[in-house]
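Participant: give me the fold of what follows.
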Amino acid sequence: MSGQTLLLGCVALALVVSFACVRAAIAYAHRRGMLDAPGHRRSHTMPTPRGGGIGIVAGALAGMPAALLLLPGSPGAATTTAFSVATIAVAAIGWLDDHGSLPIRPRLLIQLAATLLLSVALAAGTAGLLWAVPLLLAGVWCINLHNFMDGIDGLAAQQAMFFGAASAALAASAGSPAIAGAGLAMAAAATGFWWFNRSPARIFMGDVGSGTLGLMVFALTAMLWAFRTNLLWPTLVFSSAFVIDATLTLLGRMLRGARWYTPHREHLYQWLVRRRGASHRRVALGYLAWNVLVCIPVAWIAYRLPAAAPLCFVATYVMGAMVWRNGKRSCLRRRERHVSA
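Facilitator: Purely as a prediction, here's the structure:
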């Protein structure tokens, strides 16, 4: 079997398995009463099944490990095994949480253990195991920020589709068909779910999907970094929309003394829906526009000019922070006009 045939097979399998599992998850959620009801901290208006992210997990596990292990440029059996085990662990605790809310501590412990396993495996292939420490912190934050950013129809799945495809193109250009295949398989698995999650959503991702997607984004980012260190900068550019919104929102809540770890609706994408009255589809298209019009050109420059890559990264995040601030201010001004009227 040729490498191209194997790659296409991994991608097709991820898409088909994800699509089929999400369809089954809709019926399962209705039977088990796994429904998210509308509420003050939610952006939907009718009870909707949750847990559809199990399709993303199943599809990704069907395609990503095979691509990582069997295609040229493989990160190795140890890293692939650690990735698979970590994915199952994060997905399992998320699946349990979707059935009935779990305390923060067991969820965080599982996330730490899973990310540590993957971080050690990745760091073992670099200059030193000490890299496992920053990798661990980055991985846990990536898991949770994707959970925070899963709040309107189609947004998190769309971001996963973009990141998987973009990181695949980067990996292919850099000479790693294995990581490219894994990225495409992730994008395909997210696509199988997105079909049911696009506005108006028939099912929500749930923690089983959002947390696991965060782990996958971290894994692909770290694998590209381990393969060639200068690939870190364009890969981080691909994630900028979610990282900026989640990080600045969290910092703002912490500075105000709010209980930052509790559910809320203070992210920019949530304000755009609630305070500006934008539709879920329109907000998702806005985030996609940032990815296409800003991230792709800047990442291409960062890849082609490695010496300028750190500057490209900084410029993207500074510009993104300005867009985030202006978007928030615009929402506040609209609210003030509405109140005064």
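Participant: strands along this structure, start to end?
Facilitator: 35-36, 48-49 (DSSP state E).
Participant: and these, which one is worst for confidence?
Facilitator: The stretch with the lowest mean pLDDT among the strands of the chain is strand 35-36, which comes in at a mean of 84.
Participant: circling back: can you say which of the strands of the chain is packed in most?
Facilitator: Counting by mean count of other Cβ atoms under 10 Å, strand 48-49 has the highest mean neighbour count of those, with a mean of 23. The way it works is simple: take the backbone N, C-alpha and C, and place the C-beta from them, glycine included.
Participant: that one pairs with which strands, parallel or anti?
Facilitator: strand 35-36 (antiparallel) (DSSP bridges).
Participant: circling back to that earlier point, and of the strands of the chain, who's closest to residue 68?
Facilitator: When the strands of the chain are compared for distance to residue 68 using Cβ to Cβ, the nearest one is strand 48-49, at 31.2 Å.
Participant: give me every residue that touches the nearest residue to residue 286 once chain neighbours are set aside.
Facilitator: Leaving aside its sequence neighbours, residue 286 sits nearest to residue 272 (Cβ to Cβ, 6 or more residues apart in numbering; 7.3 Å). Residues in contact with residue 272, defined by Cβ atoms under 8 Å, 6 or more residues apart in numbering, are 278, 283, 286, 327, 331.
Participant: distance of the spatially closest residue to the first one that is not a sequence neighbour relative to residue 83?
Facilitator: Okay, so that is residue 278. Once its chain neighbours are removed from consideration, residue 278 has its nearest residue in residue 272; the separation is 4.7 Å (Cβ to Cβ, 6+ apart). To residue 83, residue 272 is 34 Å away according to Cβ to Cβ, to the nearest Å.
Participant: before we move on, what about residue 100?
Facilitator: In this view, residue 100 and residue 83 are 28 Å apart by Cβ to Cβ.
Participant: who has more neighbours out of those two?
Facilitator: Ranked by neighbour count (other Cβ atoms under 10 Å), residue 100 and residue 83 place residue 83 first, with 29 against 7.
Participant: what sits against the closest residue to the more buried one other than its chain neighbours?
Facilitator: In space, not counting the residues next to it along the chain, residue 83 is nearest to residue 219; the distance is 5.3 Å by Cβ to Cβ, 6+ apart. With contacts defined as Cβ under 8 Å, 6+ apart, the neighbours of residue 219 are 83, 86-87, 118, 139.
Participant: do residue 167 as well
Facilitator: With contacts defined as Cβ under 8 Å, 6+ apart, residue 167 is in contact with 179-180, 183, 220-221, 224, 235, 238.
Participant: same question, residue 225
Facilitator: By Cβ under 8 Å, 6+ apart, the residues touching residue 225 are 231-232, 235.
Participant: let me know the pLDDT of it.
Facilitator: Residue 225 is assigned a pLDDT of 96 by the prediction.
Participant: follow-up on the earlier one: ok, of the contacts of residue 225, which one's closest to residue 38?
Facilitator: Using Cβ to Cβ as the measure, the one of the contacts of residue 225 that approaches residue 38 most closely is residue 235, at 36.6 Å.
Participant: correct me, but that closest one touches residue 226?
Facilitator: No - in terms of Cβ atoms under 8 Å, residue 235 does not count as a neighbour of residue 226; the distance is 11.4 Å.
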